[in-house]
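Enquirer: This is a predicted model, with the sequence first.
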Amino acid sequence: MGGAMLEGWLKAGLAPSVVIDRHMADLPAPHRVVRSIQDVPADFTPDVIIVAVKPQKANPVLAELAQRYGQATLLSVMAGRTIASLHEVYLQANPKACPVIIRSMPNTPCALGAGMSGLYAPPNATAPQKAHCDALLKAVGETVWVEEEGLIDSVAAISGSGPAYVFLMAELLEKAGVEQGLPADVARKLARGTLYGAGCMLHTLPTDADELRRNVTSPGGTTAEALKIMMAPQAWPATTSAAIAAAVHRAKELAS
């Protein structure tokens, strides 16, 4: 996720930054890549520190950040890691640390400037801190803010994981097209082009999704016949709800 965000920020002309990544090659000036927190230039004072690491491996990183940047604004891109849990790690490493931690959940289309990010800010976050984080994520897509921290888990399940659901749909449409006799390259182009076009309509038109669906569905036609199977009570309606609930549950497990 961090790589996708960085790619989008570089395309958008992000202000000078320091990226900590032991595996990344150099970036074009004025950006700098270092291999560890200890290698960050002493004169670098970050406006916002973005932490985009695996939640289970974050504690050593957070402890190092706390010792060096205990008062900085932290933008967390980690599913399941609550603000309270991040504060606890900070204070264990630096009892004087007092960071403002804002949580975010972007998605991989950020790499193309088409991301969808949800954010939550605690009561102690100032308007400028919120605006700075919002601007960072607006540079790579759109943003929404939620009023309760727990809703970030729901954001993660819908939009954070959402691209995977769309990619699965593309896979299944391609596979079904081949099963119905289409050449693989034709099925691939049809599936991807259809998802792109439908996505553009959803993004551009004010029409509700259910109305757009009905507009395509002629009574007794081919679309209606397919939707009869897809919309059966135990088909997509049930499995989609169950899948989202499972993703939310997993996010809460990561927090425990």
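Expert: Yep, that arrived.
Enquirer: alpha carbons only for contacts and neighbour counts from here, please
Expert: OK.
Enquirer: give the contact list for Gly2.
Expert: Gly2 makes contact with 52-53, 77 under the criterion CA atoms under 8 Å, 6 or more residues apart in numbering.
Enquirer: neighbour-wise, which of these leads?
Expert: Among the contacts of Gly2, Val77 has the most neighbours (other CA atoms under 10 Å), with 22 neighbours.
Enquirer: Hmm, that residue is touching Ile83, no?
Expert: No: at 11.3 Å, Val77 and Ile83 do not qualify as touching, with contact defined as CA atoms under 8 Å.
Enquirer: any residues in contact with both of these two?
Expert: What both Val77 and Ile83 touch, as defined by CA under 8 Å, 6+ apart, is the set Arg103.
Enquirer: what about the residue sitting furthest away from the middle of the chain, which SS state?
Expert: Distance from the centre of the chain peaks at Gly220, with 39.3 Å (CA atoms, centre = their mean). Here Gly220 is coil, with the state taken from DSSP: H, G, I helix; E, B strand; the rest coil.
Enquirer: I'd like to check which residues are in contact with it.
Expert: Taking CA under 8 Å, 6+ apart, one finds nothing in contact with Gly220.
Enquirer: quick thing: my sequence starts at 33, can you match it?
Expert: With the count now opening at 33, the last piece we talked about shows up as Gly252.
Enquirer: Now do it, the pLDDT please.
Expert: For Gly252, the pLDDT comes out at 94.
Enquirer: From Gly35, how far off is it?
Expert: Counting by CA to CA, to the nearest Å, the separation of Gly252 from Gly35 is 47 Å.
Enquirer: Same question for Trp41.
Expert: Computed as CA to CA, the Trp41 to Gly35 distance reads 10 Å.
Enquirer: Work out the gap between the strand or helix carrying Ala90 and the centre of the chain.
Expert: Ala90 is part of helix 90-100, with elements assigned from DSSP states H and E. Here the centre of helix 90-100 is set off from its chain's centre by 23 Å, with CA atoms, centre = their mean, to the nearest Å.
Enquirer: Now it - C-alpha only, CSV.
Expert: Taking Å, rounded to 0.1, in the frame of the first residue of the first chain, the C-alpha atoms of helix 90-100 are listed here in CSV:
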residue,chain,number,x,y,z
ALA,A,90,5.0,-2.1,13.2
ASN,A,91,6.1,-2.0,16.9
PRO,A,92,9.9,-1.8,16.3
VAL,A,93,9.4,0.9,13.7
LEU,A,94,7.0,2.9,16.0
ALA,A,95,9.5,2.6,18.9
GLU,A,96,12.3,4.1,16.8
LEU,A,97,10.0,6.9,15.5
ALA,A,98,8.9,7.7,19.1
GLN,A,99,12.5,8.2,20.2
ARG,A,100,13.3,10.6,17.4
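Enquirer: Now do the helices for the stretch 133-282 of the chain: every range, in order, please.
Expert: Taking DSSP state H, counting those that start in this stretch as the test, the helices found in the stretch 133-282 of the chain are 159-170, 183-187, 194-211, 216-236, 241-248, 254-262, 268-287.
Enquirer: Average pLDDT for the second one, rounded please.
Expert: Okay, so that is helix 183-187. pLDDT averaged over helix 183-187 gives 95.
Enquirer: what do you get for the first one?
Expert: The pLDDT scores in helix 159-170 average 94.
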